[in-house]
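**Student:** After the sequence you'll find the predicted model.
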Amino acid sequence: MAVTSVLALRSTLAGDGPPLFFPDPDVPAIFNFDQGLAAPETFPREDLVRIAKLVLDRDGPEVLDYFDPATGYEELVYGYKGLRSEIAKRIQRTQKRTIDPLGIILTSGSVQGIALAIAGYVNAGDVVIVEAASFPYALRYMAMAGAEVRTVPVDDGGMDVDAVETLLSDIAGEGKRVKMVYTIPTFQTPTGTVLSAPRRQKLVDLAAKHGFLILEDNVYGDLRFAGEPLPTLLELDRAGLVLQCGSFSKIVAPALRLGWIAGTDEAIAGLAAVRQDLGVGQWLARVMTQYLAEGLLEPHLERANQVYKSKAETAVRAMRRYCGDYVSFREPQGSFYLWVEIDERVDWETAARMAEREGIFFRPGERFMGDTGGRQYLRLAYSHVSEDVIEQGIATLGGIIARCVRAAA
């Protein structure tokens, strides 16, 4: 009997590569600036414990079932209606956009929402436009769908929307169709840029003119601690072509694994059509419903953003003090990260290996883009570590960088 390797039995999709995760180096993490996680000191533990018990006592066995009998099977696809209603109220209040509960689908974090949006709208051969440096998981979903991914530059004003317009014309000339533009307009990952107001308006106008969907990744939108907020793409949309994803994992606590995508009923129906996992858990959905209904989210965000502001300021000061003119970066107005370019005078390959041996973890720039063009980047997450760790870790990194400066020719 022939012996077959299990690897030979993999599907085409599974055969495309290993799971998309970033294994830890062999040394312990002393200064862990790698993953973008909410700060543990911001977790509203007392409120979550209290509310978890409250909904169990108040709602009984329904809390632990698949769906609320009063709503029915709809919740197996869209998720708990009570939470969708609360999210819709908040969108109305903060973005001045009226959304029906059927215009919101609850997901396991925003990542599942992105996956559903791509599965619901992108066919093999469709063109998707993204920022030149972007969220790796989104890019992987696009590749798995067989999409042709095209990139446009990011500058201080965010995605270059003029480049999008040019690319639309070029792609049409090739006889192909742009189905989707995926963008992180507010605190873009990894660059931290914010799409300017004129570019936001132009992008939604281009979608209406050319008939493509915009997938607006807004998971960091509430994490602003400097600058003025701008209208979201969902707020500006009049053609029903924007899908906006959000997540409690970033703004409250990662373990909630609760996200959502909002849009018109018709647009969200495309995601519902491809969903097969029987929805999100009732218990946590009801916990977050009560959390929102009690008005706890906005005060929580205000407190959390003060924590991130202080950590960002510490990171900026340390970078300037210890790394000097060997690095360049934008001062963040929100979110969890510094996007740092390392000067070409630095032998960064050697420096990165030395940093790893010192237990300094960060996300290499090439994880976010296919080609860095010979430039040297790292993404440093300051959100979940203490300010002492930020200071000490960047001081250690600065010393390594200084030792790896190439001799002048």
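**Tutor:** Arrived safely.
**Student:** List the buried residues for the strand or helix carrying Thr289?
**Tutor:** For Thr289, the host element (DSSP states H and E) is helix 282-293. Buried residues in helix 282-293, defined by neighbour count with 16 or more other Cβ atoms under 10 Å: Gln282, Trp283, Leu284, Ala285, Arg286, Val287, Met288, Thr289, Gln290, Tyr291, Leu292. Glycine gets a C-beta too; all of them are placed from N, C-alpha and C.
**Student:** got those residues as a markdown table, with pLDDT columns?
**Tutor:** Shown next, in a markdown table, are the buried residues of helix 282-293 (pLDDT from 0 to 100):
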| residue | pLDDT |
| --- | --- |
| Gln282 | 94 |
| Trp283 | 95 |
| Leu284 | 96 |
| Ala285 | 97 |
| Arg286 | 97 |
| Val287 | 98 |
| Met288 | 98 |
| Thr289 | 98 |
| Gln290 | 98 |
| Tyr291 | 98 |
| Leu292 | 98 |
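**Student:** Quick check: Met354 vs Met319, distance?
**Tutor:** 18 Å (Cβ to Cβ, to the nearest Å).
**Student:** Next: Ala351.
**Tutor:** 14 Å.
**Student:** same thing with Val55?
**Tutor:** 44 Å.
**Student:** which helices and strands does the helix holding Thr289 pack with?
**Tutor:** Where contact means 3 or more Cβ pairs under 8 Å, 6 or more residues apart in numbering; DSSP states H and E, helix 282-293 is packed against helix 45-59, helix 81-95.
**Student:** Please, where are all the helices along this protein?
**Tutor:** 45-59, 74-78, 81-95, 109-121, 136-144, 161-173, 197-210, 233-236, 248-251, 265-272, 282-293, 297-318, 348-357, 387-403 (DSSP state H).
**Student:** phi, psi of the residue lying closest to Ala124 once chain neighbours are set aside?
**Tutor:** In space, and not counting its chain neighbours, Ala124 is closest to Gly146: 2.9 Å by Cβ to Cβ, 6 or more residues apart in numbering. According to degrees, to the nearest 10, the main-chain angles of Gly146 amount to phi 80, psi 20.
**Student:** And for Gly146, the neighbour number?
**Tutor:** A count of neighbours around Gly146, defined by other Cβ atoms under 10 Å, yields 13.
**Student:** How about the contacts made by it?
**Tutor:** Asn123, Ala124, Gly125, Asp126 (Cβ atoms under 8 Å, 6 or more residues apart in numbering).
**Student:** of these, closest to Gly373?
**Tutor:** Asp126 (26.6 Å; Cβ to Cβ).
**Student:** how far away is that closest one from Leu76?
**Tutor:** 28 Å.
**Student:** who's more crowded, the two?
**Tutor:** Looking at Asp126 and Leu76 with other Cβ under 10 Å, you find the greater number of neighbours at Asp126, namely 19 against 16.
**Student:** Without its sequence neighbours, what residue ends up closest to the more buried one?
**Tutor:** Lys179 (3.9 Å).
**Student:** before we move on, back to that, neighbour-wise, which of Met354 and Met319 wins?
**Tutor:** Neighbour totals were compared for Met354 and Met319, and Met319 leads with 22 against 18 (other Cβ under 10 Å).
**Student:** Which residue lies nearest the spatial centre of this protein?
**Tutor:** For the chain, the residue nearest the mean C-alpha position is Val219 (5.3 Å; Cα atoms, centre = their mean).
**Student:** surely it meets Gly246?
**Tutor:** Yes. Contact criterion Cβ atoms under 8 Å: Val219 and Gly246 qualify, at 6.0 Å.
**Student:** shared neighbours of the two, which are they?
**Tutor:** Ser110, Gly259.
**Student:** Of all the helices and strands packed on helix 282-293, which one is nearest Ile400?
**Tutor:** Comparing the helices and strands packed on helix 282-293 by Cβ to Cβ, helix 45-59 comes nearest, at 36.8 Å.
**Student:** buried stuff in the closest one?
**Tutor:** Asp47, Leu48, Ile51, Ala52, Val55, Asp59.
**Student:** what does stretch 27-34 give?
**Tutor:** So stretch 27-34, judged by 16+ other Cβ under 10 Å, has buried residues Phe31, Asn32, Phe33, Asp34.
**Student:** hang on, the last one packs against His384?
**Tutor:** No. Here Asp34 lies out of contact with His384, judged by Cβ under 8 Å, at a distance of 9.7 Å.
**Student:** Quick check, Asp59 in contact with Ala285.
**Tutor:** No. Asp59 lies out of contact with Ala285 (Cβ under 8 Å); the separation is 11.3 Å.
**Student:** got any residues that touch both of these two?
**Tutor:** Contact with both Asp59 and Ala285 is made by no residue, according to Cβ under 8 Å, 6+ apart.
**Student:** Could you verify my assumption that Gly334 touches Asn305?
**Tutor:** Yes. In this structure, Gly334 is within contact of Asn305 by Cβ under 8 Å, at 7.4 Å.
**Student:** who has more neighbours, those two?
**Tutor:** Legend: neighbour count by other Cβ under 10 Å for Gly334 and Asn305, higher for Gly334 (22 against 19).
**Student:** Quick check: beta-bridge partners of the more buried one?
**Tutor:** Gly334 has the following beta-bridge partners by DSSP bridges: Arg224.
**Student:** Report the contact partners of it.
**Tutor:** Thr186, Phe187, Tyr220, Leu223, Arg224, Phe225, Ala226, Gly227, Asn305, Tyr308.
**Student:** Dihedrals phi and psi, the fourth one?
**Tutor:** Backbone dihedrals for Leu223, given as degrees, to the nearest 10, come out at phi -100, psi 50.
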